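Participant: 3D model of this:
(chains A and B)
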Amino acid sequence: MKRSFAVVTDSTADLPDDWRDRYDIQVVPLKVLFGTETFRDRVDMTDEQFFRRLATSTTLPTTSAPSPGEFAEVYQRLARDHDGCISIHIGAQLSATAEAARVGASSVDGFKVNVVDSQTVSMPIAFLCRIAAECQSLDDATAAVEQRVAKCRVLALLDTLRYLEMGGRLSRAQAMIGTMLDLKPLLLVADREIKPVDRVRTRARAISRMVEFFNRELPVEHMAVMHAQAPDEAERVAAQLRSELPDREVTVGQIGCVLGTHTGPKAMGIVYLKK
Amino acid sequence: MVATAGKATGVDGQLFKRALLGSLNWLAANHEEVNRLNVFPVPDGDTGTNMLLTLQSAVEDVKESNAAEVSKIAKLASHGSLMGARGNSGVILSQIFRGFARAVEGKSSLTPAELAAGFEEAANAAYRAVNKPTEGTILTVAREAGRAAATAAANPDANVPRVIAAAAAGARAAVLKTPSQLQILRDAGVVDAGGFGLQLILEGMLKTVEESEPALAPVRSISPASQVSLTLPEGGWGYCTEFLIEGNNLDTDLIRSQIESLGNSVLVVGEPELVKVHVHTDDPTSVINLAGGYGRLLKLNVGDMSTQHRRILETEGVAPDARPPRPTGPGLAAVVAGRGLVDIFRGLGVDAIIEGGQTMNPSTQDMLTAIESVPYDEVILLPNNGNVVAAAKQVVGLTKKKVHLVETHSVPQGVSAVVAFRPERSGEENLRAMRAEAERVQTIEVTHAVRDTRSNGVKVRKGDVIGLINDRLEIAGHDYSQVIKDALGKLGPDAYELVTVYRGEQASDDELARLESEIRSNYPSLEVEVQQGGQQHYPFILSVE
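Facilitator: All right, here's what the predicted structure looks like:
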């Protein structure tokens, strides 16, 4: 049975390819800019290509939101065979994407678009999309998603704070936790903020601290382990979570180009929706 | 009313097109300045670039058109900017164009009053488009420009250049006021970047129109784009230095550790054949010389950060005393000697430093004074040396403040304890975490024997290099690297992940390089990080964890 409404998100949702096909979710790409060269996230550039380029580029890349016009085009296309759409996007504290979606939607007459600022980033948005896709009506989907926005959590372990600092997504005071010594910061994206929750000297201990923190957050509704070019460590963490929570689905996902610009390589995270 | 000759009596399609091109040129020339001002809402330094790309996309569509009607050109600009809008400011700019296009719909040419009405409607549209309009941003600047244009248009002498001049002047005045409206701008000492970008766009239009009408009454000349200057710290903000090293078997970790001693915000990444380096340093020449030893340098770029307002954020982050006070305690006080170590402890969040250590034991009074200077009622004290612990214990009962002692016997223990400190936790919780972390770390200290002795079964002659593991004399020898290698062997390196080397005042570059390569080749599973400790008496202190 075909849904009457469409589900739209952006590339920072780190939506797995098979979910996109199975749940028929539209993904609007953000962009990565190396100097004057622009790449659409996961369209013109794969995650692997991105991290290879990041390693050798002399200038750090920057990122940019889709334009309102790009959203308007997607909505116009969807308007042909849908009654309306829910468009779920990266938190407005981190990106102009949700704002662009809203402006884009306002230029498409006669098509209802419910834009949701997820306040978060990465796979929690993908979970919200899946929840929306399984609803019967646009109103139900919107209510189900909005009710969960405040429960999305991203627990991130960065190999270095520098990419986040240089991209401007971390306040000066927060950046203090990373000065001088090469500390491994553990950060939590929640309540429209990026909060430092711990700092550790070595990566192995930082990973076990991340798992400890997550265990204190239980029970959770959905969870995934994310990584940027650290698949083995991510699988190990996922295996540990699966053994502790045997009846639960633990997805392992990759951090895309736009997010990777701000996390840098070797970032890892446990992402989840609190119950 | 003075009749003005030329095209500027009304704004037709082609004049508006030329005005947009003028805006594009002026913004293109100054967009880096806009980037540097960018602190709100996301301080990623790309407002100027985003606005420029948005305007470029608007002009892209307009460039090809020969339409005589202003409404047609405005509509093309609106569509182009919407398709190309990037970033928050770009999105708002696209809405400004959209509002203007709607206001001039159906018109072939605009009177001064109609132009002013267009500016006002452009601002209104921008306000409507934004979810939560914030004053002190491009929105405020657009509104003030519109108001100033309307006032000028009401004047009996009004003409098109005067209306645009008034809009530009209104924008400029509004930009200068933005710091009084937005705390974050005030804190950073800058004006709003997006608002400044809009000012440049209006000024660019004005330049074009003035050139079409050279006989016009003088309009205040356009000031250079850098209106905001900040007081430079002594010695400036250093140089942002970037390049690639092309070579063979390049060791990114080794290069990083060496570059780290020369600056901050260090990024060293890449492959064995090609490594990218980014560092903020006061001494780019030394960085370049060092890197040149590894291979061929490509794409070298050294930028003076003192001209880059945005960099203030990063350098302040490094300045030891720039840390904003926490709202509540507990506070931290630590006994530390050596310039580098003092910076490290400050950088980790220690509120008060008591100078001292192995040979210069601070008095109880020194510690008491430091604790009294901490702006919290609860203070955690770290002696960081076995010889200081006893005096530190005395302090606990001598002040009204609640003083906790974490008995750290070495610098590595002190660092581990401070790393575990979290300001939002209570004193008791912090004590538990800090004590546990201090116990986990192993300390190796390397120094010279001051007399012949035998201790712990080790025979030592005066002048020998001796290695202490956790305060116990364990190894004697003639060479720092050898003693440290043996000490690491005794600890059993397989149980550990990271060695931090705190380099003392007496250790030479060669000795440091030899030590690093020795550790890396003998214990390849260990990560090695080098810090400039600057401590006396101990050429090397190592933390093993």
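
Participant: how about the secondary structure of the residue with the largest distance to the centre of chain A?
Facilitator: Distance to the chain centre peaks in chain A at residue A:110, reaching 29.9 Å (criterion: CA atoms, centre = their mean). Under DSSP: H, G, I helix; E, B strand; the rest coil, the three-state class of residue A:110 is coil.

Participant: need the contact list for it.
Facilitator: residue A:79 (CB atoms under 8 Å, 6 or more residues apart in numbering or on different chains). (C-beta placed from N, C-alpha, C; glycine too.)

Participant: show the backbone phi and psi for it.
Facilitator: Main-chain torsions, residue A:110, degrees, to the nearest 10: phi 70, psi 20.

Participant: who's in contact with whichever helix or strand residue B:258 is part of?
Facilitator: Following DSSP states H and E, one finds residue B:258 within helix B:252-260. By CB under 8 Å, 6+ apart, the surrounding residues in contact with helix B:252-260 are B:245, B:266, B:268-270, B:275, B:277, B:279, B:287, B:290-291, B:294, B:513, B:516-517, B:520, B:527-531.

Participant: what helix or strand is residue A:241 on?
Facilitator: Going by DSSP H and E, residue A:241 is in helix A:231-244.

Participant: which stretches of chain B have low pLDDT?
Facilitator: B:1-8, B:39-44, B:131, B:212-240, B:264-271, B:299-328, B:358-359 (pLDDT under 70).

Participant: tell me how chain B divides into domains.
Facilitator: B:7-212, B:239-314, B:322-440, B:442-544 (automatic domain parsing).

Participant: try chain A
Facilitator: A:5-148, A:151-274.

Participant: element containing residue B:33?
Facilitator: Judged by DSSP H and E, residue B:33 forms part of helix B:13-37.

Participant: output the contacting helices and strands for that helix.
Facilitator: helix B:47-63, helix B:70-84, helix B:193-212 (3 or more CB pairs under 8 Å, 6 or more residues apart in numbering or on different chains; DSSP states H and E).

Participant: and those as a markdown table, adding mean neighbour count?
Facilitator: Converted to a markdown table, those look like this (neighbours: other CB atoms under 10 Å in any protein chain shown):
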| stretch | mean neighbour count |
| --- | --- |
| helix B:47-63 | 24 |
| helix B:70-84 | 25 |
| helix B:193-212 | 26 |
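
Participant: can you pull up the bridge partners for residue A:154?
Facilitator: With DSSP bridges as the criterion, residue A:154 is bridged to residue A:189, residue A:271.

Participant: that one contacts residue A:269, correct?
Facilitator: Yes - at 5.8 Å, residue A:154 and residue A:269 qualify as touching, with contact defined as CB atoms under 8 Å.

Participant: find residues that contact each of these two.
Facilitator: residue A:122.

Participant: who has more neighbours, the two?
Facilitator: More neighbours surround residue A:269 than the other of residue A:154 and residue A:269, with 32 against 22 (other CB atoms under 10 Å in any protein chain shown).

Participant: and that one, what is it in contact with?
Facilitator: Contacts of residue A:269 (CB under 8 Å, 6+ apart): A:122, A:154, A:155, A:156, A:157, A:210, A:225, A:226, A:227, A:255.

Participant: in helices, which of these appear?
Facilitator: residue A:210 (DSSP state H).

Participant: report the buried members of the contacts of residue A:269.
Facilitator: A:122, A:154, A:155, A:156, A:157, A:210, A:225, A:226, A:227, A:255 (16 or more other CB atoms under 10 Å in any protein chain shown).

Participant: show me those that map onto strands.
Facilitator: If you go by DSSP state E, the buried ones among the contacts of residue A:269 have A:154, A:155, A:156, A:157, A:225, A:226, A:227 in strands.

Participant: quick one, strands of the stretch 1-150 of chain A?
Facilitator: Secondary structure of the stretch 1-150 of chain A (DSSP state E, counting those that start in this stretch): strands at A:5-10, A:25-28, A:31-34, A:37-40, A:62-64, A:84-89, A:112-117.

Participant: do you know which of those lies nearest residue B:408?
Facilitator: Closest approach to residue B:408 among those (CB to CB): strand A:62-64, 42.5 Å.

Participant: so where's the stretch 1-150 of chain A shaky on pLDDT?
Facilitator: Checking the stretch 1-150 of chain A against pLDDT under 70 turns up A:1.

Participant: how about the residues of it by chain B?
Facilitator: A:31, A:54-60, A:62, A:64-65, A:67-70, A:72, A:92-96, A:99-100, A:102-104, A:106-107 (CB under 8 Å from any CB of the partner chain).

Participant: out of those, which are inside helices?
Facilitator: Those of those lying in helices (DSSP H): A:54-56, A:68-70, A:72, A:99-100, A:102-104, A:106.

Participant: before we move on, the earlier item: out of the domains of chain B, which one sits most buried?
Facilitator: Across these, the average number of neighbours (mean count of other CB atoms under 10 Å in any protein chain shown) peaks for domain B:7-212, which reaches a mean of 22.

Participant: roughly how far is it from the heart of the chain?
Facilitator: Its chain's C-alpha centre lies 29 Å from the corresponding centre of domain B:7-212 when counted by CA atoms, centre = their mean, to the nearest Å.

Participant: check stretch A:7-23 too.
Facilitator: 11 Å.

Participant: what's the answer for stretch B:527-544, then?
Facilitator: With CA atoms, centre = their mean, you get 27 Å for stretch B:527-544.

Participant: again, but for stretch A:39-51
Facilitator: 15 Å.

Participant: and the contacts of that stretch?
Facilitator: Contacts of stretch A:39-51 (CB under 8 Å, 6+ apart): A:11-12, A:27, A:29-33, A:38, A:53, A:228-229, A:254-258, A:260, A:265.

Participant: among those residues, name the buried ones.
Facilitator: Buried among those (16+ other CB under 10 Å): A:11-12, A:27, A:29-33, A:53, A:228-229, A:254-258, A:260, A:265.

Participant: in contact with the residue nearest the centre of chain A, which residues?
Facilitator: Chain A has residue A:122 as the residue nearest its centroid, 1.4 Å off, counting by CA atoms, centre = their mean. For residue A:122, the contact set (CB under 8 Å, 6+ apart) comprises A:12, A:13, A:14, A:154, A:226, A:253, A:255, A:259, A:269, A:271.

Participant: now residue B:194
Facilitator: B:34, B:47, B:51, B:88, B:89, B:92, B:93, B:137, B:138, B:141.

Participant: look up how far residue B:49 lies from it.
Facilitator: 12 Å (CB to CB, to the nearest Å).

Participant: also residue A:12?
Facilitator: Distance from residue A:12 to residue B:49, by CB to CB: 20 Å.

Participant: buried stuff in stretch A:139-146?
Facilitator: By 16+ other CB under 10 Å, the buried positions in stretch A:139-146 come out as A:141, A:142, A:145, A:146.

Participant: for the residue of the stretch 51-200 of chain B found nearest chain A, give me its contacts.
Facilitator: At 3.6 Å from chain A, residue B:83 is the closest residue in the stretch 51-200 of chain B, using CB to the nearest CB. Shown in contact with residue B:83 (CB under 8 Å, 6+ apart): A:67, A:69, A:70, B:57.

Participant: of those residues, closest to residue B:412?
Facilitator: Relative to residue B:412, the closest of those is residue A:67; by CB to CB it sits at 52.0 Å.

Participant: run a quick neighbour tally on that closest one.
Facilitator: 28.

Participant: which residue is the nearest non-sequential neighbour of it?
Facilitator: residue B:85 (4.2 Å; CB to CB, 6 or more residues apart in numbering or on different chains).

Participant: what sits against that neighbour?
Facilitator: Contacts of residue B:85 by CB under 8 Å, 6+ apart are A:67, A:68, A:69, A:100, A:103, B:54, B:57, B:91, B:93, B:94.
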